[in-house]
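Student: sequence first, predicted model second:
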Amino acid sequence: MLSVHLILFLAFGAVAVAGAVNLLAQTHPINSALSLIAVMAALAGEYLLLGAEFVAAVQVIVYAGAVMVLFVFVIMLLNAGVEEHTKGSRVALLIGIPGTLIGSILVAWAFLQHSGTEAVAVGVMPGRTSGWGDPAVIGQLLFHEFLLPFEVTSILILIAIMGAVVLASRPPTSPVARSARGVD
Amino acid sequence: MVPLSYYLVLSGILFACGVIGFLIKRNIITIFMSIELMLNGVNLSFVAFAAHWHALAGQVFVFFVMVVAAAEAAVGLAIIIAVYRTRETLNVDQVNLLKL
Amino acid sequence: MTSSLNLWLIPVLPLAGAAINGFLGKKSSRTAVSTIGLVFPGAAFAWALLVAFRFSSLPQIPYQEYVAHWIRSGSFSADFTLYLDQLSLVMLLVVTGVGFLIHIYSVGYMWDDPSYYRFFSYLNLFMFFMLTLVLANNYLLMFIGWEGVGLASYLLIGFWFTKDSAASAGKKAFIVNRIGDFGFLIGLFLLIQHFTSLDFTKVFDSVAHLPTGVETETLLTTIGILLMVGACGKSAQIPLYVWLPDAMEGPTPVSALIHAATMVTAGVYMVARSHVIFERAPSALMVVAIIGTLTALFAATIGIAQTDIKKVLAYSTISQLGYMFMACGVGAFSAGIFHLMTHAFFKGLLFLAAGSVIHAVGGEQDMRKMGGLRSYIPITAATMGIATLAIAGIWPFAGFWSKDEILWKAYQANWVYWFIGLVTAFITSFYMFRLLFMTFAGDYRGAKVDEHGHGTHVNGDGDHGHGEPHESPMVMLVPLMILAFLSLFGGLVGVHNGFEHFLDPVFGSGEAAQGAGETASRGTEFLLMFVSVGVALLGAWLAYLLYVSKPYLPQKIADALGSFYDAVLNKYYVDELYAKLFVKPLIDGSTSILWQGVDRKVIDDTVNNAADGARHVSDEVRHMQSGNLRSYAGWIAAGSAAVIAYMIWLGVGR
């Protein structure tokens, strides 16, 4: 029962969960960002365990390396400080959290009930079948069966770029009134 | 050998943490990060299923999810910057002009 | 010659005229409108004459002409089929002939009216419906014509609808007619229920073959009485006569055509047509006779005191219609139809001449302001005099023959009918000669007619700017003369029962009254004839006495009679009685129950409360839109948990 796979899985899993909890626990956003990076790294490890090396690489490069860096930039740009305590929403606390917990428990129960304990074919370790999780194979899929979504996502990125540029740019006329607290 | 359900449970835990973070955090950037956490959890379950069923399409889908997450993060952060410029605050409770 | 008579042309030609004038008339010239308005009814009349000429050579009488398919519903069917027998032929000629003459007259009478084209359109429309009524082969098609003439009557009575009294009169006519139509409809329903058909031939066949017995008689009596209710409405008998005097608000040609010569006779025609049903229901026939007789007397007494020239003629019409129903009621259907025909002649003439008089004095209708017009409008006076002699029943004018026939047949049935009819004849003669003398004899009591008349018409009779009464133009006088000729000689078809024999194939030579046999001899008949002429002359003499030689007498008599005279003058307060008994409770009930109760409290409140409720609910719900991001997130999380739970619950069953 106790195999290398399981140990590695549990290790990476522990790191991921710890990072997630830490993200919740920290008050300063930069700490939360760093915890998230840790989670992503752990997840990359999980992907490797599942034989998805291309995805793992992309996770590290794009997600942890670009998206999270973007987050850190923005945090520093806006000089985000420690979170203040403001009166939040009672609904969120009273209904949302129990709802979430219940939902998760239900989902977990459903999964555990039906998926049994059959093993997942893991392909990373020696003995893997060739071509599984290879960039080449994924590339094949990407440009043949999933060509349309691929092209659409490239347009999506284009739009996102333009949107981000437009939204974040300063208005060309007067400087933004820094003291504007509320509109009208 | 690791059963599929373990992966799914892990994915579920990450997702739940993401949702709870979304609900209890006040800083808008932290809320965004919780969203990213949710997406990651889902990605994990995709890859797990792909491996379970030998369908490479799961990994391709993860690829797309990442692309979308990146685009969303870019635009979302741009919006946050724009909001910060007018409202001078990153506290989501103070951005409530949609109140009826 | 083709074998088809193309009867359908006769109703459709006026319809075409109505449509053309109705849609295009507003922009057309008077000449164009008159041409269309005259050509089409004229063509219909010509065609009717053609049909009359070819009538005797028809292979089969009654002649039926199928025009179009209409209703097929289970075992019930009704078609657009036209029916021609002697009775329809008589009605056809009367309607088209007198109608055409009145159209010609209207050209002159309505010339100065701004809505000239509308008048002719409505008049042609009326002709279409009346001809449909007369030519129908089943009760349903007849009912269409029945309703249609009611509509045309409403439109024409309220022709000057900007005048309140005219609009109300139109409404009153339509509503009272409606009450009668209700009875008619129930009668039709009974017919359908028991005979599954409304075709004349089929129904009368079935009725003739019904076994004798209480059941049959009850059924037929019920149907007969219900049909009579309809006839009471249309032909202004008690108790539904109240609309006819008010209908005098319409232009005089309308009064002549619709409320004297043709529409009001539809009831008589219908009863005559249904004689098979009535003959097997003696109680219903008795009801018909009683209603007719009483109405004749009642209306005649009211006519004595009226001062408006058209109102006198209106009550006279009601009274004469009573005679026709009395005739039908004693089984002398052909006598009733004979009187219908002669009445069309002399009553139409009376109304047209009255219109000529009104035109001459510039719109004045009150006879007390007339007088001595004989020297001003001699032709009108002469024709009116002929008509008065005819209606009084003086030999050898038309009215004598028909009225006498009725009185003779009434005598054979029951002397009470005869006696009341005789008294009514006396009164009729009296008030008609009263009208004649008040209008034409003595000195002119009216004001100078120097401007647009001070009469009761909204659109008087033109701005002639004359100083004294003047004769009408030729276009109005020629129809008067033609009708005078007919009133003089039109009754001669009745000599030696010629007319009756003509209608024998329709009514059967064994009429109910005849069933009593010619027990009374020819001698009695001659005696009764002398008696009726005698009372007519008596009435004339009395009128002469009161209104020419001793004009101070009427006032003294009126004072002596006091309140009784007032009652007669006010039409026995019947209108007021109806208002109190029926109209006011209906209006009050409608106001309090239907309007305040149902409309306001139930319907309005439901709608308002629904709207209020929606508003209150949304007032509560809007708190969800707090603008707070986290509460939204909370709701989303809760909602998705619910959805997941539901989906799991769905899937767990497997």
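Tutor: Nice, thanks for sending it over. Numbering: from 1, shown residues only, chains lettered A, B, ... in the order given.
Student: run the chain-centre distance for stretch C:238-256.
Tutor: 8 Å (C-alpha atoms, centre = their mean, to the nearest Å).
Student: now stretch C:431-445
Tutor: 28 Å.
Student: next one: stretch C:12-25
Tutor: Offset of stretch C:12-25 from its chain centre (C-alpha atoms, centre = their mean): 22 Å.
Student: so which bits of that stretch are buried?
Tutor: Within stretch C:12-25, the residues that count as buried by 16 or more other C-beta atoms under 10 Å in any protein chain shown are C:12, C:13, C:14, C:15, C:16, C:17, C:18, C:19, C:20, C:21, C:22, C:25. Backbone N, C-alpha and C define where each C-beta goes, glycine included.
Student: then stretch C:142-162?
Tutor: Judged by neighbour count using 16+ other C-beta under 10 Å, the buried positions of stretch C:142-162 are C:142-143, C:145-160.
Student: restricted to helices, list those.
Tutor: Of the buried residues of stretch C:142-162, the ones assigned to helices by DSSP state H are C:142-143, C:145-157.
Student: and chain B, which of the buried residues of stretch C:142-162 contact it?
Tutor: Applying C-beta under 8 Å from any C-beta of the partner chain to the buried residues of stretch C:142-162, one finds that nothing falls near chain B.
Student: what packs against the helix or strand hosting residue C:189?
Tutor: Per DSSP states H and E: residue C:189 is located in helix C:164-195. Here helix C:164-195 touches helix C:139-157, helix C:200-208, helix C:214-234, helix C:243-246, going by 3 or more C-beta pairs under 8 Å, 6 or more residues apart in numbering or on different chains; DSSP states H and E.
Student: hmm, who's touching stretch C:397-405?
Tutor: By C-beta atoms under 8 Å, 6 or more residues apart in numbering or on different chains, the residues outside stretch C:397-405 that reach it are C:323, C:327, C:332, C:335, C:338-339, C:341-343, C:345-346, C:386, C:389-394, C:425, C:486-492, C:494-495, C:500, C:528-529, C:532-533.
Student: would you mind listing which of these are buried?
Tutor: C:323, C:327, C:332, C:335, C:338-339, C:341-343, C:345-346, C:386, C:389-394, C:425, C:486-488, C:490-491, C:494, C:500, C:528-529, C:532-533.
Student: which ones among those residues lie within helices?
Tutor: Among the buried ones among the contacts of stretch C:397-405, the members falling in helices are C:323, C:327, C:335, C:338-339, C:341-343, C:345-346, C:386, C:389-392, C:425, C:486-488, C:500, C:528-529, C:532-533 (criterion: DSSP H).
Student: so which of the helices and strands packed on helix C:164-195 gets nearest chain A?
Tutor: Proximity to chain A (C-beta to the nearest C-beta) singles out helix C:139-157 among those, at 63.5 Å.
Student: name the helix or strand of the chain that has the lowest mean pLDDT.
Tutor: I'll assume chain A. Ranked by mean pLDDT, DSSP states H and E, the weakest helix or strand in chain A is helix A:90-91, scoring a mean of 66.
Student: my question was about chain C, not that one.
Tutor: Least confident helix or strand, chain C: helix C:512-515 with a mean of 42, by mean pLDDT, DSSP H and E.
Student: in a markdown table: the helices and strands packed on helix C:164-195, plus mean pLDDT and distance to residue C:194.
Tutor: Putting these into a markdown table (pLDDT from 0 to 100; distance: least, C-beta to C-beta, whole Å) gives the following:
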| stretch | mean pLDDT | distance to residue C:194 |
| --- | --- | --- |
| helix C:139-157 | 93 | 13 |
| helix C:200-208 | 87 | 8 |
| helix C:214-234 | 89 | 6 |
| helix C:243-246 | 90 | 32 |
